[in-house]
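Trainee: 3D, please:
(chains A, B and C)
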Amino acid sequence: MTPEIALLLAQDGISTGAIYVLVALGIVLIFLVTRVIFVPFGDVVGYSALTVAALQLRQMPGTVWLVLTLATLATVMEAYGLVRRGQIRGLPKALLLYAVLPTVPAALVWLVAGRDLPMWVGIALTLAIVMPISPLLHRIAFSPLADASVLVLLIIAVAVHFAMSGLALLYFGPEGFRSEPITRALFELGPVTISGQSILILASSVIFSFLLFLFFERTLTGKALRATAVNRVGARLVGILPSTTGAIAFLLASVLAGICGILIGPVTTLYYDSGFLIGLKAFIGAIIGGLISYPAAAAGAIFVGLLESYAAFWDSALKEVFVFSTLIPILIGQSFTSAAAIEEEIEEEEREGTA
Amino acid sequence: MGWKSRLPLGLAIAFIVVAPAIFGSFTITLMNYIGIYAFAVLGLVLLTGVGGLTSFGQAAFVGIGAYATAWYTAVHGGSPWIGLLLALLLTGLVATILGAATLRLGGHFLPLSTIAWGVAIFFLFGNIDAIGRYSGLSGIPAITIGPLSLGGNTAMYCFIWGLLGFVMLLCRNLLDSRKGRAIRGLRGGIAMVESLAIDFFRMRLAVFVLAGMLAGLSGWLYAHMQRYVSPAPFDIRPSIELLLMALVGGAGHIAGAVVGAAAITLLKNALQDVLPLFTRYSAQLEVVAFGVLFVVILQKARAGIVPMIARYLPRPRLVVPGQVPPLARRGRPVVSGQAVLTIQGATKRFGALAAVNDVSFEVKGGEVLGLIGPNGAGKSTLLNLITGTAKPNAGRIMFLDDEVTKLAPRDIAGKGVARTFQHVKLRPNMTLLDNTLLGTYSRTRSGFLAGAIRLDREEEKSAQCEALQQLKRVGLAEKAGELAGSLPLGQQRLLEVARALAADPVLVILDEPAAGLRSLEKQILSRLLRTLRNEGMTIVLVEHDMEFVMNLVDRIVVMDFGSKLAEGVPAAIRAEPRVQEAYLGGVA
Amino acid sequence: MTILLSVTDLHVSYGKVEAVSGVSLDMQSGHIVTVIGPNGAGKTTLLAALMGLLPSKGESCYEGQDLRLLSTEERVRRGICLVPERRELFTEMTVADNLVLGAYTRWGDREAVQRGLQEVYGRFPRLSERRSQLAGTLSGGERQMLALGRALMAKPRLLLLDEPSLGLAPLIVREIFRIVMGLRELGVSILLVEQNARAALETADYGYVLETGCIVHAGPAVSLIHDPRVVASYLGGKVN
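Mentor: Residues are numbered from 1 along each chain as shown, chains lettered A, B, ... in the order given. Down below sits the predicted model:
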């Protein structure tokens, strides 16, 4: 390996890692606030990328049908729950949140799909239509079991991933897509050439991480999210509804997933199930960070990106095996440093068993 | 046991025996698959339903078993029986490595890493030349038993279901033995398990390895029935299907493995027949249907099919063992008055707060020592230091002649320190007898194999006898066959005392045993503790009910703000003004 | 005087274990009512049920409103606040953030929130000194002050206090009880659960003694203080 190649691989790794950073931040955010390990995160990234590509190819993206299906399900569940509890006054608000708001972007996309659109319109529409996906999934699959153990929530998350990827195959078919690059600029930096797309990815990653930081530090909603993560009982005692903060966490994560999809679409050819692998690698980054710290998750994600890049140079067929098997030594290392995790987890399951 | 509770089992066996005579080849093949899946699902039943862990990589273990035997028999022309050995060894080894890496961490790290691992193994199988990359290996021979070849459909059917019945019997026996009870106890949490002298981590590892080896067995059968292996059936999706089978069947029940495997396989078959009539995307929709089914089951019927049926069957009656030799008692070298427990300058700090601050005292053989103090005085922390669940920042703790300051809780428990918990820690879904039997773990020796093939019956009967005797002592013998979760709080506390006594301890630590007890229950407890003292048992009693304490104990240690405030006989303590102040609160 | 809170035949269970069995109590507006009793009597469970953290059976009525229909969050909005035994602070956030979050339900009126914050800092100068410190680094007494301060930020009309003296040194206990007395002057009604019986009874107007989930004695606080049965249930036998 020459230094030039090493540098090239590093550049490639950092830009992939920057994508993983955004995914890992979303995963940690959802986990801390709701205790859901959101495995379908990667699928949402995939939907975003495929939506951009479909709009550019002047096709109707299946995301429209996905969002409409989810919105219908969520509305029915919410309305049924309200009627059963005798809280009919809450119906208009529920209809607005679960039926009207998600339908608006879906209807817009439905109206303009098939036309020649400026790139930024396609991107904006994609972001708008991907946004409701995760909060709706939260309402349908996770919030009915908000008090279940992490383990049960994880199993549900995996099941949701399968349903999502099955639907993606149905909507987008088995062939791969690659969207138009947002910028075609190239920069010469000594011996290496850096593409504008890479710089865009890196910049977006930094900017959105910083915005997330500001949100947590400066806004009441951000603080309420942190409070829910630190102490759920305490949060309820000051009047924070964990289901509300949960929905906000899922919404933010959806935005992050949308951005990731838009950024990665032009970089590689994506298939209906590529999102899952992206999500899984970001997971490894988040686990390296212990699933509790945003900066550590970001560092872990960059590490995974670099590892993947160098592993691909060494043997591109086995790069996945290589990336996934690094998890084992990392976990061994962690199991000797954090002893407390085990106790809390079990106490939680015990409560469930007694109930 | 009543015939009614055995009826479903009898019917099931009869059905399986006559099936080859009734059904055609297609159905028999389908049932072969159900049987093969059931092995892997059985592993998940033990792991998830019984042990409280989850794996998303069970199909990957099936794959390792299948590839191991395929490689050995098809590529190297070896015997399938050696292939079996190889399959079991390899799955066991991989499970050990994976388990060692993740089982010390919180419960969600194992399933998370099995997702990654399940995906990785698919790529691994698909990229190794020696096992045929993505096109797989063919030419795997059929299993032969002497001159008999199991190449035929019906022969394989008999073999699979016969073996499955045998393995299920072994698993049932195991769960009803010493090690099996320990596995069933795992969901009670590390504090409870280790207080019974059981190694929490190793027990989790054992059940994970067992689950992996059952998957390996499943893979071996799969390879030799299919006669061909490729990476696709061992991806993460089939793993999820196996987990779905375990959940649908009833993850806590051995029979749930077969019921779940059958239900999901038949459902899948039906979907494959029906869906193409409506849509040309049936394969995609199948996945979606399974995902949705999964979520619905978890939200609405987390228990599964078997428990739903079991609810209508009578509970098996308890068989009381006849005359058996009693369990060997611990050699009790304790002389009355000799120090059993010595605490020297114990200090435990949490950040700036000293929860226990330079506390020293002795507990003498055969005495009942009351440890009292207002809420938040540091009593619980001190108990944690004594039992090893927390390590002191300074000071020493001696038990008999050994220093136990740095020992793990299970080792301290093994030396003869039994305890009860302030917040009762029992297994609500196990019977009173089984809960009490958990206490005998440190006095018995039987291992996994002995439990599975019932070589442990003699010891088991003695242990049951001992457990029943302890239940009788606390007045719960009549309810021995009931589930612990059905008891009111007071009786749950008494059950914990029985479990502690079943360990034949030198020192018993009782953490607020009278809290929440009604006065009649308090009298039973008080009488019991008096009897124990007369028998020479050493007892440390943490309690808030002063009447209870004052009338019972020989000496009292009073704690306040982490320090020892006073020590002496009850009358002197009661007269001590500082104690009154600490208790009733002299300020306002 | 109006009845603020009225509880009739309240039952609370954990699974099959009943921790509170048939408790009835009344509270008048502006009063301090204390519930005392030994460990495991069900005091904390009672408060958790009143806060809506645990499901319960029986009637409970607050300001004429049936409490059963209200979630925990709605109870906070209506002026019921719990200062729990475990404090339940946001340990990884600053003191100031903890207090600000206490006013989560009345964020619409920023000025009132700012005023409330200044009031709490005025009442607890220690919190003011440590406003940018993480709550997890506070001492026991400071944590209790922060928990109290956080609850006050919601402008409660009914404050539920669970063992405010737990694990605190006598000097700080005295300070806490002085603050509790001061709150009554502001018109806040207080339901006080305590182990420290003497301090609680000296502070309160009315007292209930809870044992194994049932009320065994009730009466004006002054009369309970000298009731030998109460003393007996604490120290056992006769106290000289």
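Trainee: what does the stretch 201-350 of chain A have sitting close to chain C?
Mentor: Selection of the stretch 201-350 of chain A residues close to chain C by CB under 8 Å from any CB of the partner chain yields A:220, A:223-224, A:226-227, A:230-231, A:233-241. Quick note: C-beta positions are derived from backbone N, CA and C, even for glycine.
Trainee: If we use 6 Å, what do you get?
Mentor: Counting by CB under 6 Å from any CB of the partner chain, the stretch 201-350 of chain A comes close to chain C at A:220, A:223, A:227, A:230-231, A:233-234, A:236-241.
Trainee: closest to residue B:89 among these?
Mentor: Minimum distance to residue B:89 across those is 46.6 Å, recorded for residue A:230 (CB to CB).
Trainee: show me the contacts for the closest one.
Mentor: Counting by CB atoms under 6 Å, 6 or more residues apart in numbering or on different chains, residue A:230 makes contact with C:90, C:92.
Trainee: One more: residue B:188?
Mentor: B:425, B:427.
Trainee: sec struct for the one residue in chain B that gets nearest to chain A, please.
Mentor: Proximity of chain B to chain A (CB to the nearest CB) peaks at residue B:291, 2.9 Å away. Three-state call for residue B:291 (DSSP: H, G, I helix; E, B strand; the rest coil): helix.
Trainee: For residue A:196, see how far away residue A:295 is.
Mentor: 27 Å (CB to CB, to the nearest Å).
Trainee: mind listing what's buried in the longest helix anywhere in chain A?
Mentor: Using DSSP state H to define each element, chain A has its longest helix at helix A:3-34. By 16 or more other CB atoms under 10 Å in any protein chain shown, the buried positions in helix A:3-34 come out as A:8-34.
Trainee: neighbours around residue B:321, how many?
Mentor: Applying other CB atoms under 10 Å in any protein chain shown, we find 14 other residues in the vicinity of residue B:321.
Trainee: show me the contacts for the residue nearest the centre of chain A.
Mentor: The residue lying closest to the centre of chain A (CA atoms, centre = their mean) is residue A:41, at 3.6 Å. By CB under 6 Å, 6+ apart, residue A:41 lies in contact with A:26, A:27, A:257, A:279.
Trainee: Now do the strands in the stretch 101-250 of chain B.
Mentor: B:137-138, B:144-145, B:148-149, B:228-229 (DSSP state E, counting those that start in this stretch).
Trainee: re the thing from before, now, the residues of the stretch 201-350 of chain A next to chain C that are in helices?
Mentor: The members of those that map onto helices under DSSP H are A:220, A:223, A:227, A:230, A:233, A:234, A:236, A:237.
Trainee: could you check the distance from the fourth one over to chain B?
Mentor: Residue A:230 sits 16 Å away from chain B when distances are taken as CB to the nearest CB, to the nearest Å.
Trainee: Where does the spatially most central residue of chain C fall, secondary structure wise?
Mentor: Geometric centre of chain C, nearest residue: residue C:161, 1.3 Å, by CA atoms, centre = their mean. For residue C:161, the element it lies in under DSSP states H and E is strand C:158-162.
Trainee: CA atoms of the next helix or strand after that strand as CSV?
Mentor: Note on strand C:158-162: by DSSP H and E, the next helix or strand toward the C-terminus is helix C:170-185. The C-alpha trace of helix C:170-185 is given here as CSV (Å, rounded to 0.1, in the frame of the first residue of the first chain):
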residue,chain,number,x,y,z
PRO,C,170,-30.1,16.9,62.1
LEU,C,171,-29.1,20.5,61.2
ILE,C,172,-30.3,20.1,57.7
VAL,C,173,-33.4,18.2,58.8
ARG,C,174,-34.3,21.3,60.8
GLU,C,175,-33.7,23.6,57.9
ILE,C,176,-35.9,21.4,55.6
PHE,C,177,-38.8,21.4,58.1
ARG,C,178,-38.4,25.2,58.5
ILE,C,179,-38.8,25.5,54.7
VAL,C,180,-41.9,23.2,54.8
MET,C,181,-43.5,25.4,57.4
GLY,C,182,-42.7,28.4,55.2
LEU,C,183,-44.4,26.9,52.3
ARG,C,184,-47.7,26.7,54.2
GLU,C,185,-47.5,30.4,54.6
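Trainee: So what touches the following helix or strand past helix C:170-185?
Mentor: Note on helix C:170-185: by DSSP H and E, the next helix or strand toward the C-terminus is strand C:189-194. Outside strand C:189-194, the residues within contact range by CB under 6 Å, 6+ apart are C:4, C:29-36, C:43, C:47, C:158-162, C:200.
Trainee: before we move on, what about stretch A:275-282?
Mentor: With contact meaning CB under 6 Å, 6+ apart, stretch A:275-282 is reached by A:20, A:23, A:24, A:41, A:42, A:43, A:45, A:46, A:301, A:304.
Trainee: and stretch B:526-544, which residues are buried?
Mentor: Applying 16+ other CB under 10 Å to stretch B:526-544 flags B:526, B:528-529, B:532-533, B:537-544 as buried.
Trainee: Save the strands of the stretch 101-250 of chain B as a markdown table, and put in distance to chain C and mean neighbour count too.
Mentor: Converted to a markdown table, the strands of the stretch 101-250 of chain B look like this (distance: least, CB to the nearest CB, whole Å; neighbours: other CB atoms under 10 Å in any protein chain shown):
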| stretch | distance to chain C | mean neighbour count |
| --- | --- | --- |
| strand B:137-138 | 53 | 18 |
| strand B:144-145 | 51 | 12 |
| strand B:148-149 | 54 | 12 |
| strand B:228-229 | 48 | 20 |
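Trainee: what about the helices in chain C?
Mentor: C:43-51, C:72-77, C:95-102, C:110-123, C:125-129, C:140-152, C:170-185, C:197-203, C:221-225, C:228-235.
Trainee: my bad, should have said the stretch 251-355 of chain A
Mentor: A:274-288, A:294-314, A:319-325, A:327-335, A:340-354 (DSSP state H, counting those that start in this stretch).
Trainee: Would you mind finding the most buried of those helices?
Mentor: helix A:274-288 (a mean of 26; mean count of other CB atoms under 10 Å in any protein chain shown).
Trainee: For chain C, give me its nearest residue in the stretch 251-400 of chain B.
Mentor: residue B:376 (2.8 Å).
Trainee: is it true that that residue touches residue C:166?
Mentor: Yes. Between residue B:376 and residue C:166 there is a contact under CB atoms under 6 Å: 4.7 Å.
Trainee: Apart from its chain neighbours, what residue comes closest to residue B:125?
Mentor: residue B:231 (3.9 Å; CB to CB, 6 or more residues apart in numbering or on different chains).
Trainee: Then residue C:138?
Mentor: Nearest non-adjacent residue to residue C:138, counting by CB to CB, 6+ apart: residue C:146, 6.3 Å away.
Trainee: Quick check, pLDDT for the one you found.
Mentor: For residue C:146, the pLDDT comes out at 94.
Trainee: Now do the contacts for it.
Mentor: Residue C:146 touches C:89, C:98, C:135, counting by CB under 6 Å, 6+ apart.
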